[in-house]
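[1] A predicted structure for the sequence below; I have some questions about it.
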Amino acid sequence: LTQEGKPLGPFGVMGGFMQPQGHVQVVLALAQGLNPQAALDRPRWQVVPGRGGDEVLLEPGIPQATALFLKDLGHRVRYEVEYGLFGRGQVILREKGALVAASDPRAEGLALGW
């Protein structure tokens, strides 16, 4: 990631077709001012291709009003409790001369420095 042409640090979200969707969600959370751990902790959504059309899966924590709004727009929506489906990410950012790291709660891992 960069800001005003200067490198901030690396990040990534693993998860097959969820990977680019997870990247967008984490970058938007960081751009909205969330710290790296809060950006990874935030509930995610994903669009899953299917025979009957795309389905939108939501993690618990996404408001019911959001699900109803998406349904009103014609989307097939359901909540999914299997967190492994929503990717796993790590972030390391440089902030004010220090490194700040975060690890996704959806998988085993931790952010550690020495």
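    Yep, that arrived.
[2] which strand is the longest one in the chain?
    Longest strand of the chain, by residue count under DSSP state E: strand 88-95.
[3] dump that strand to CSV, keeping only the CA atoms.
    C-alpha atoms of strand 88-95 as CSV (Å, rounded to 0.1, in the frame of the first residue of the first chain):
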residue,chain,number,x,y,z
ARG,A,88,-7.4,-14.7,6.0
GLY,A,89,-5.3,-11.6,6.0
GLN,A,90,-2.3,-9.9,7.4
VAL,A,91,-1.2,-6.3,7.4
ILE,A,92,2.0,-4.5,8.3
LEU,A,93,2.0,-0.7,8.1
ARG,A,94,4.5,2.0,8.9
GLU,A,95,2.9,4.7,11.1
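[4] pull out the buried residues from it.
    Of the residues in strand 88-95, 88-93 count as buried by neighbour count, 16 or more other CB atoms under 10 Å. All C-beta spots, glycine's among them, are computed from the backbone N, C-alpha and C.
[5] so which of these comes closest to residue 1?
    residue 93 (7.1 Å; CB to CB).
[6] partner strands of the longest strand of the chain and their direction?
    Next to strand 88-95 in the sheet, as set by DSSP bridges, lie strand 11-14 (antiparallel), strand 98-103 (antiparallel).
[7] and residue 60, which of those strands is closest to it?
    strand 11-14 (18.7 Å).
[8] which residues does the closest one contact?
    1, 19, 22-23, 25-27, 30, 36, 87-93, 104 (CB atoms under 8 Å, 6 or more residues apart in numbering).
[9] give me that answer again for 7 Å
    Surrounding strand 11-14, the residues in contact under the criterion CB atoms under 7 Å, 6 or more residues apart in numbering are 1, 19, 22-23, 26, 87-91.
[10] my guess is residue 42 contacts residue 29, does it?
    Yes - with contacts counted by CB atoms under 7 Å, residue 42 reaches residue 29, the gap being 5.2 Å.
[11] from residue 45, how far off is residue 58?
    From residue 58 over to residue 45 the distance is 5 Å, taken as CB to CB, to the nearest Å.
[12] sorry, wrong one. I was asking about residue 22.
    Residue 22 is 10 Å from residue 45, where distance means CB to CB.
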